[in-house]
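>>> no sequence on this one, just coordinates:
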């Protein structure tokens with residue numbers, strides 16, 4: 001973290017306001033959901049447990065399995081509630097500014113939504129180039145989100161950040177207020193804690 005202290009003010013500015021301009025480019029396509037109940041699920045996992053494994057289809061056309069990273073990479077899961085919504089449309093592009101930090105900490109980022117592949121394809125193309133795999137937890141609907149205990153009563157996922165180490169152990173869980181973007185600096189902090 002010491003190495004990136006100078007980045008924290010920049011991360012704050014970008015996460016607080018800078019990335020929100022991105023959605024202005026296609027704001028007519030963004031569905032305004034209004035204020036939602038901050039958390040609407042009961043977590044089924046806890047730090048220190050083995051992470052539930054899964055295999056999901058990616059927008060790229062491949063299948064991505066959590067087991068593929070066991071013993072090789074740390075994994076950060078970013079669950080978002082729904083495509084084409086304001087906070088989600090700002091959150092994922094914001095991760096482009098910290099791509100190098102993931103690499104330096106031998107970590108990959110996986111974005112997960114309960115939307116189907118065609119919807120995710122169209123939405124992520126509008127966001128621009130994302131460096132990480134975007135996965136669909138559409139069918140069976142929300143099965144992975146449900147296994148983690150972050151499927152909301154309306155069928156969307158919570159906004160959650162989950163860090164899993166190379167051994168497949170859950171190291172950090174943030175089920176965030178669905179109306180707000182999780183701060184990038186918390187992800188940076190958690191990556192710094194992982195063994196290399």
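Looks like it arrived, so ask away. These numbers come from a predicted model, not from an experiment. Numbering: from 1, shown residues only.

>>> Tell me what the most centrally placed residue in the chain is bridged to.
Centroid check for the chain by Cα atoms, centre = their mean gives residue 78 as the closest residue, at 1.4 Å. Per DSSP bridges, the residues bridged to residue 78 are residue 111, residue 161.

>>> before we move on, which element is residue 192 in?
helix 184-193 (DSSP states H and E).

>>> Going by neighbour count, which residues in that helix are buried?
184-185, 187-188, 190-191 (16 or more other Cβ atoms under 10 Å). Placement of C-beta: from N, CA and C, glycine included.

>>> Is it possible to get a markdown table of the residues you listed that adds pLDDT and distance to residue 165?
Listed next are these as a markdown table, based on pLDDT from 0 to 100; distance: Cβ to Cβ, whole Å:
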| residue | pLDDT | distance to residue 165 |
| --- | --- | --- |
| 184 | 88 | 20 |
| 185 | 90 | 20 |
| 187 | 91 | 14 |
| 188 | 90 | 16 |
| 190 | 95 | 10 |
| 191 | 92 | 11 |
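
>>> Relative to residue 169, which of these is nearest.
residue 190 (12.9 Å; Cβ to Cβ).

>>> show me where this structure has strands.
Using DSSP state E, the strands of the chain run over 55-57, 63-65, 74-79, 107-113, 133-136, 159-164, 170-176.
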